[in-house]
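Student: need a structure here:
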Amino acid sequence: YAEKPDFNVAAITTVPAILTPGCAFTATVMVVNYGLVAGNAGVLRLWLDHPALAVSHEVGGVDLPVGMLALGSITNISFTGLTATNGNGTFNLRAFVDADNATVEQSEGNNQMTFTYTFLNATSLQILIAGNGVALSWQSYWGQYYTLYRRTNLTEGYLVLTNNIAATPPTNTVFDASPPTPSYYRLSVQP
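Tutor: Numbers count the residues shown, from 1 in each chain. The predicted model follows:
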């Protein structure tokens, strides 16, 4: 029985922590050698959306060298200048250390990890006149925060009516107690 290194993707974090469609971000991947000896961890490969397990030598989006890792050592490798996937759906940012199988390890099954993120757009804003006010409702999703804007004419910009509205799925409702006439509303998901 030969002593071998064992490279592991232990964590993936992003800045910003909450991704939005098409946003610029940095992904930092923590790689650890849990093996019994030092070894060459080769390259760390990152895909912006790769739900299935990758195979050795599979072409990826971005490669960065890891190099030698001592027994028990931890290294954090940052991929900068990334752009989040556009559109609605669930996406899997996948990191794969020793992606070209440069070193035989104790275990090859712990070299990958995914960071899953979902983009769901708020549906259309529904407006209901209630007494002297207006009830504004929309479909909401866990983990999202919203900003509601209002303007009184079509030639001026929107002003923030309220922001940092935490999602209360399945529906959020905000009451505008005494809106000027006319009033126009816009809703956005905060990054």
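
Student: Look up phi and psi at residue 90.
Tutor: phi -110, psi 130 (degrees, to the nearest 10).

Student: mind listing what the residue lying closest to it once chain neighbours are set aside touches?
Tutor: Nearest non-adjacent residue to residue 90, counting by Cβ to Cβ, 6 or more residues apart in numbering: residue 118, 4.6 Å away. Quick note: C-beta positions are derived from backbone N, CA and C, even for glycine. Going by Cβ atoms under 8 Å, 6 or more residues apart in numbering, residue 118 touches 89-91, 141.

Student: Specify the beta-bridge partners of residue 46.
Tutor: With DSSP bridges applied, residue 46 shows beta-bridge pairing to residue 62, residue 95.

Student: where in this protein is pLDDT low?
Tutor: Within the chain, the segments meeting pLDDT under 70 span 1, 120-123.

Student: Walking through it, point out its helices one by one.
Tutor: In the chain, no helices are defined using DSSP state H.

Student: wait, what's in contact with residue 164?
Tutor: Residues counted as contacts of residue 164 (Cβ under 8 Å, 6+ apart) are 145, 147, 190.

Student: rerun at 10 Å
Tutor: 145-147, 190 (Cβ atoms under 10 Å, 6 or more residues apart in numbering).

Student: tell me which of the residues you listed is nearest to residue 180?
Tutor: Nearest to residue 180, judged by Cβ to Cβ, of the contacts of residue 164 is residue 147 at 19.1 Å.

Student: Apart from its chain neighbours, what residue comes closest to the closest one?
Tutor: residue 163 (4.1 Å).

Student: Tell me who's in contact with the one you found.
Tutor: Residues in contact with residue 163 (Cβ under 10 Å, 6+ apart) are 145-149, 188, 190.

Student: Apply 8 Å and report the result again.
Tutor: Here residue 163 is in contact with 145-148, 190 (criterion: Cβ under 8 Å, 6+ apart).

Student: Then residue 40?
Tutor: Shown in contact with residue 40 (Cβ under 8 Å, 6+ apart): 67-69, 102-103.

Student: just residue 26 next, same as before
Tutor: So residue 26 contacts 14-15, 78-82 (Cβ under 8 Å, 6+ apart).

Student: Max pairwise distance over those: which two?
Tutor: Farthest pair in the contacts of residue 26 (Cβ to Cβ) is 14 and 81. Separation: 12.8 Å.

Student: more neighbours, those two?
Tutor: Set residue 14 next to residue 81 and count neighbours by other Cβ atoms under 10 Å: residue 14 wins out with 18 against 8.

Student: Most neighbours of all the contacts of residue 164, which one?
Tutor: That'd be residue 146 among the contacts of residue 164, by other Cβ under 10 Å, with 20 neighbours.

Student: Enumerate the beta-bridge partners assigned to that one.
Tutor: Beta-bridge partners of residue 146, as defined by DSSP bridges: residue 165, residue 189.
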